[in-house]
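Enquirer: my questions concern the predicted model and sequence given below.
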Amino acid sequence: MTRDADREAVARELSRSRLAVLPSRAEALPMVLLEAMAVGVPVVATRVGGIEDFVGAAATYVPVGDSRALAASIITLLQKPDALASAGEAGFIRVRDLCREEVVFDRVKHIYASAFAPPDADLVDSEPTQRGVAA
């Protein structure tokens, strides 16, 4: 299988899901949440690692280790189709806006400019843009 075929297969399988749930105690930035959001699958997760930084308000968050809150959040979302659809759309928009090629390029360019600039350099022109990104 090619890398593109693998991505397509993952997207196809995730799109069959009604909800992506990741009740982790520790994570960096789990790709499964980004992949789920990219196909409009709503997310329930814990606020660990980089999850909240990237996912933002597009997820329903539960406290780490709180299985009752996790179950309640899952049940509530699954019983409310409109809330489920809205959460899925919010995640899709967030991934679309944060992962667009020009947004990623601007961020990488800023990182390199910051890393290699003299300490007294003015980096205002190299600030990454946030075109179309809602916090």
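Expert: That came in fine, so what should we check first?
Enquirer: and the helices in the protein?
Expert: Along the chain, counting by DSSP state H, helices occupy 3-15, 31-38, 51-55, 67-79, 81-98, 101-116.
Enquirer: how is this structure partitioned into domains?
Expert: By the assignment in automatic domain parsing, the chain contains the domains 3-99, 100-135.
Enquirer: circling back: nearest to residue 22, out of the helices of the chain?
Expert: Across these, residue 22 has its closest neighbour in helix 31-38 (5.9 Å, Cβ to Cβ). (Glycine included, C-beta is placed from N, CA and C.)
Enquirer: for the spatially most central residue of the chain, give me the pLDDT.
Expert: Residue closest to the mean C-alpha point of the chain, counted by Cα atoms, centre = their mean, is residue 55 at 3.6 Å. On pLDDT, residue 55 comes in at 92.
Enquirer: I'd like the distance between it and residue 112.
Expert: Distance of residue 55 to residue 112, computed by Cβ to Cβ, to the nearest Å: 26 Å.
Enquirer: same question for residue 38.
Expert: Distance, residue 38 to residue 112, using Cβ to Cβ: 26 Å.
Enquirer: more neighbours: which of the two?
Expert: Using other Cβ atoms under 10 Å, the more surrounded residue of residue 38 and residue 112 is residue 38, with 20 against 11.
Enquirer: any idea how far residue 44 is from that one?
Expert: Counting by Cβ to Cβ - residue 38 and residue 44 are separated by 17 Å.
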